[in-house]
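S.K.: Sequence first, then the predicted structure:
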Amino acid sequence: MKIREIILLAWLSLLVGCTTTPQEQSPKPKEENRIPEQAKEVETLTIRASGTVYVLVKTRSSNEQLFRDTLSEGESAIIEVDSPVDVLFTAGEYLVLEWKGEELKPSSSGTAKLTLK
């Protein structure tokens with residue numbers, strides 16, 4: 001055999017061996033040793049559009065985007081939220097938010113931001 005063929009066979013043997021060899025897994029901690037996470041209160045945010053409006057919802061703490069889309073008249077979106085959020089939008093006159101049992105409408109038309117806690 002040529003050296004090139006030997007290297008190819010060795011490489012294939014390693015590759016096959018890696019996929020068939022069981023990998024060690026670290027032991028899972030016992031259930032009673034786990035520290036329970038504090039349950040976060042989850043709220044539902046409903047976004048409704050009465051015209052075309054671009055909406056961006058992101059967490060205040062980490063700027064993680066939870067929702068980003070353009071909604072047309074009659075469309076809505078529901079988001080589960082577990083921390084304060086910023087809601088940025090382009091046409092406040094077309095936006096209605098339902099948050100903690102209340103219906104909220106931006107006080108101004110056009111582009112703005114609301115913070116929901």
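M.R.: Thanks, I have the structure now.
S.K.: Could you tell me which residues make contact with residue 73?
M.R.: 49-52, 94 (CB atoms under 8 Å, 6 or more residues apart in numbering). Every residue, glycine included, has its C-beta placed from N, CA and C.
S.K.: which one of those has the most neighbours?
M.R.: residue 49 (22 neighbours; other CB atoms under 10 Å).
S.K.: Tell me the predicted confidence for the closest residue to that one other than its chain neighbours.
M.R.: With sequence-adjacent residues excluded and distances taken as CB to CB, 6 or more residues apart in numbering, residue 49 is closest to residue 71, at 3.7 Å. Listed pLDDT for residue 71 reads 98.
S.K.: Same check on residue 108?
M.R.: So residue 108 comes in at 86 (pLDDT).
S.K.: wouldn't it be in contact with residue 92 here?
M.R.: Yes: the criterion here is CB atoms under 8 Å, and residue 108 meets it with residue 92 at 5.6 Å.
S.K.: Of those two, give the one with the bigger neighbour count.
M.R.: Taking neighbours as other CB under 10 Å, residue 108 and residue 92 compare with residue 92 leading, 18 against 8.
S.K.: so where's this structure shaky on pLDDT?
M.R.: 1-39 (pLDDT under 70).
S.K.: hmm, try it at 90
M.R.: The chain contains residues with pLDDT under 90 at 1-41, 108.
S.K.: re earlier: closest one of the contacts of residue 73 to residue 61?
M.R.: For the contacts of residue 73, the minimum distance to residue 61 (CB to CB) is 26.7 Å, reached by residue 49.
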